[in-house]
Structure formats: C-alpha cells, structure tokens
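Novice: Sequence plus predicted model, see below.
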Amino acid sequence: MDLKANHSAPILTDPTPITKPRVGIHDSLLPYSSSGVFSQAPYLKTQRKKPGLLDDVRSTNWLDAMKSSSPRNIIKNNGTDLSNDVAYRNWMLKYPSALTSIEQIVNNANGKRIALFLDYDGTLSPIVDNPDHAFMSNVMRAAVRNVAKYVPTAIISGRSREKVHKFVGLKELYYAGSHGMDIVGPVQPPTGHTTEVIEGNLYQPASEFLPMINEVFVSLVEITKNIEGAKVEDNKFCVSVHYRNVDEKNWKTVAECVEDTLKNYPRLRLTHGRMVLEIRPVLEWNKGKAVEFLLESLGLSNCDDVLPIYVGDDRTDEDAFKFLREGERGYGILVTPAPKESSAYYSLRDTSEVMEFINLLAMHKKSLP
C-alpha cells in the first residue's frame, strides 16, 4: 500500500488478512479468558440500512436508547468511594484497574512496540455541558506530549479533526476525527520512533458524503433552533446533535427532528453516544477500523512484537475495544466511574487516572535501554 498516495477517494486496498493474534498475550496475563474470531472484511463497504434507525439499539425503543445513553446516573457517582459496593467490586474483578495492573501490562509490553490510541471527550477532557468548552488541561497535554516521545500516539475522536486538534494542540500526534473518517499524521515527527512517520492526510473514506453531511447540518440547525438546550455540531464527516442540556420532556422532539431529516437521506445512518445523536455515512467504518488502518499504515499490523492500547469512555470506543480483543491483539481500557459492560480488558475511573496511566507508561518506556 502506498502510504504517500492521495487517499481522498473512498476506496482502499484490503490489508494482509489477519489470521493470528498480533500480540501473543498469554492467557495468564489476561484479566479473564476470552476467545474471538476476527472476520476480515473490506475496509470500506457501503451498506443499505433503513434511514433514521438507531443502529446499535434496533431491538429497543429509540427514546429508551436516548435515556440509557445518559451519563447522569454515572456522573452522580463521581467522587464517591465505591470500594465497599459489592457490585462494583465484582465488576472490578472483570475489568481490573489499569493502574493496579500496570506492572502486568508493562511486563507484557517488554520487547514489544506499544501503539497508544486515545479518545478525547471523557478520556483526555472531562465531559462538560457545553461541548465547545471541553478543554484539555495543561498537565494532561504535557503527559500526552511526553508519552508521544516514546510511542506512536493517536487521538481518535467523534469530533472533527480540526476541532480536536485545536483542543489538543500537539503536532507530534496522529489525529483521526469524525470517528476515524479523517486521518492525518504528525506535522512534527516524534522523536525516538522506529516506525516510519507518515505526514499529511492518510485517509478520508467518506469524502463523497461531505455535501450531503453539510446539507443535513444546515437543516438540523434550522429545525432544532427553537428547542432550548439543543446544539448541533458540525464534525465534518458526521453531524452531532447534543441533547445534554435539553429538558428530558423534549428529547422526543429532538429525535423526531433528526428522524424526519434523515428520511430524505438513505445513505446516512443514526447512532448515539453519551447524550448525543450522531448522523454518519452508511459505511463500514468506525474507531476500530481507524485503529486497524493506523496500525497497517505504521507497519505495525501482523506483528507479534506490537502491543496496541486503546483508552476510551464511550460506546463508540467499543468498536476499537472489540478489534483489539478479537485475536488478542492488545488492550482496551474503559474510562468509567461506575460499572458497565464492555469489550475492554481494563478500566480507569476518570481523566485523572488516565493521566496517571499515561505518565506511568511513559516512565516505563523511558527506563528501557
């Protein structure tokens, strides 16, 4: 694959088929045993789905799905000591803390090249009422800059690439915006990396959808303007409709506005995250595919000496967790202050623990000869 070619066209040659585990993680080092078969599929495939459908909750009522994605039940536990809660202790047996398990993680990383993938909202920055104010702290920025000196580091966010780059402000990273539909390499080459650094746009699989996405954005801004608290965000290759600040009695109105708009766009689909409805192209592309693509682009796929680590907090990060779990390729780390099911191996409670984990990972890599 020519990594320096222009990938603006929505077609990409399939990588080498994946037929075996990449990481070689011994069963004794896994939090609990698992098995998974990775079914190799083309990187990009157009799918025909019923418009206006919440893809990941097809068997439930969409309003119930909106309520289930509300983080309020989780947020109320912030700052609360759950160590004596039986359900939480049992959950931690299945998803142990990545901090208390750091020795196990770095031991398995010995002799391997680590690739670090990070979500943004809720992982590097706390969830806030106004998505435009999801600023990253200076100490977190310093931690990410430091770890990027030692391992290839990528931010994979549902935000537009330009917006998340503005929030993070680091030139040493790989950025995958719009759930991985807009990928670029570092402007400033990181130091100490053995892998080739690829600069400029790597891949934009949904470029043909830009006019359609923009039409939907303009329509939704107009149709939701009288719903107090609703915010429509242009994330370039997807549109996000935030209802975090909308009175719950008006959530149905928000969803109806979105569904009515999507009836005219059968090539777009509706998914949801934490208090947000997201309109995306009907493509077989997600954060897991973005991780797979970046590993392939960096020459780190089909390698037994590579340990990918993905840290994220949202349901959209589950695609990346699943990709790493299948074939035991690497570790997914879920950021959550309360128990919930996940395909991750480990957990962290909040952004402060994420920063601590990143710093420990950098210290480990720095200590190696």
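Specialist: Looks like it arrived, so ask away.
Novice: Now for the most centrally placed residue in the chain: which residues touch it?
Specialist: Residue closest to the mean C-alpha point of the chain, counted by Cα atoms, centre = their mean, is Asp317 at 3.9 Å. Counting by Cβ atoms under 8 Å, 6 or more residues apart in numbering, Asp317 touches Asp119, Lys287, Tyr310, Gly332, Leu334. (C-beta placed from N, C-alpha, C; glycine too.)
Novice: Now do the same contact list for the spatially closest residue to the last one that is not a sequence neighbour.
Specialist: So that's Leu334. Leaving aside its sequence neighbours, Leu334 sits nearest to Ala344 (Cβ to Cβ, 6 or more residues apart in numbering; 3.9 Å). Neighbouring residues of Ala344 by Cβ under 8 Å, 6+ apart: Tyr95, Phe321, Arg325, Tyr331, Gly332, Ile333, Leu334.
Novice: what's the distance between the fourth one and Cys303?
Specialist: Same thing as Tyr331. 16 Å (Cβ to Cβ, to the nearest Å).
Novice: out of those two, which sits in the busier spot?
Specialist: Using other Cβ atoms under 10 Å, the more surrounded residue of Tyr331 and Cys303 is Tyr331, with 28 against 16.
Novice: returning to that earlier point: what is the nearest of the contacts of Ala344 to Lys249?
Specialist: Nearest to Lys249 among the contacts of Ala344: Leu334, at 31.3 Å, using Cβ to Cβ.
Novice: Validate this expectation: that closest one resides in a strand.
Specialist: Yes. Under DSSP: H, G, I helix; E, B strand; the rest coil, Leu334 sits within a strand.
Novice: Are we agreed that Tyr175 is in a helix?
Specialist: No. Tyr175 is assigned strand when assessed by three-state DSSP, not a helix.
Novice: which ones are touching it?
Specialist: Ala154, Ile155, Arg161, Val164, His165, Val168, Asp182, Ile183, Val184.
Novice: Which residues are in contact with the first one?
Specialist: Read it as Ala154. Applying Cβ under 8 Å, 6+ apart, the residues near Ala154 are Ala115, Leu116, Phe117, Leu118, Leu173, Tyr174, Tyr175, Ala176, Leu294.
Novice: which SS class is it?
Specialist: Classified using three-state DSSP, Ala154 is strand.
Novice: Which strand residues bridge it?
Specialist: Phe117, Tyr174 (DSSP bridges).
Novice: just to revisit the earlier point, and the contacts of Ala154 as a markdown table, adding distance to Lys225 and pLDDT?
Specialist: As requested, those are exported to a markdown table (distance: Cβ to Cβ, whole Å; pLDDT from 0 to 100):
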| residue | distance to Lys225 | pLDDT |
| --- | --- | --- |
| Ala115 | 43 | 96 |
| Leu116 | 40 | 98 |
| Phe117 | 36 | 98 |
| Leu118 | 34 | 98 |
| Leu173 | 35 | 95 |
| Tyr174 | 36 | 95 |
| Tyr175 | 31 | 96 |
| Ala176 | 31 | 95 |
| Leu294 | 38 | 93 |
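Novice: among those residues, which two are most distant?
Specialist: Ala115 and Tyr175 (14.5 Å).
Novice: What residues of the one helix or strand Ile105 maps to count as buried?
Specialist: Here Ile105 is covered by helix 102-109, with elements defined by DSSP states H and E. Using 16 or more other Cβ atoms under 10 Å as the test for burial, helix 102-109 gives Ile102, Gln104, Ile105, Val106, Asn108, Ala109.
Novice: what about stretch 261-278, how long is it end to end?
Specialist: 13 Å (Cα to Cα, to the nearest Å).
Novice: Then stretch 114-126?
Specialist: Across stretch 114-126, the terminal residues are separated by 25 Å (Cα to Cα).
Novice: Over to stretch 232-250?
Specialist: Span of stretch 232-250 from end to end, Cα to Cα: 15 Å.
Novice: And stretch 261-276, by the same measure?
Specialist: Start-to-end, stretch 261-276 (Cα to Cα) is 16 Å.
Novice: can you list the weak-confidence ranges in the stretch 51-200 of the chain?
Specialist: 51-62, 67-84, 187-200 (pLDDT under 70).
Novice: which residue ranges form the strands in it?
Specialist: 113-118, 153-156, 174-177, 182-184 (DSSP state E, counting those that start in this stretch).
Novice: Return the third one as CSV; C-alpha atoms alone will do.
Specialist: The one in question is strand 174-177. Provided in CSV are the C-alpha atoms of strand 174-177 (Å, rounded to 0.1, in the frame of the first residue of the first chain):
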residue,chain,number,x,y,z
TYR,A,174,-1.8,11.2,14.7
TYR,A,175,-5.3,12.5,14.6
ALA,A,176,-8.4,10.6,13.5
GLY,A,177,-11.5,12.8,13.5
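Novice: Check the offset of it from the chain's centre.
Specialist: Averaging C-alpha positions (Cα atoms, centre = their mean, to the nearest Å) puts strand 174-177 10 Å from its chain's average.
Novice: Report the buried residues of that strand.
Specialist: Buried residues in strand 174-177, counted by 16+ other Cβ under 10 Å: Tyr174, Tyr175, Ala176, Gly177.
Novice: For Asp234, state which of those residues is nearest.
Specialist: Top of the list for closeness to Asp234, among the buried residues of strand 174-177 and by Cβ to Cβ, is Gly177 at 11.5 Å.
Novice: Number of residues surrounding the residue lying closest to that closest one once chain neighbours are set aside?
Specialist: Spatial nearest neighbour of Gly177, chain neighbours left out: Arg161 (2.9 Å); criterion: Cβ to Cβ, 6+ apart. Arg161: 23 surrounding residues under other Cβ under 10 Å.
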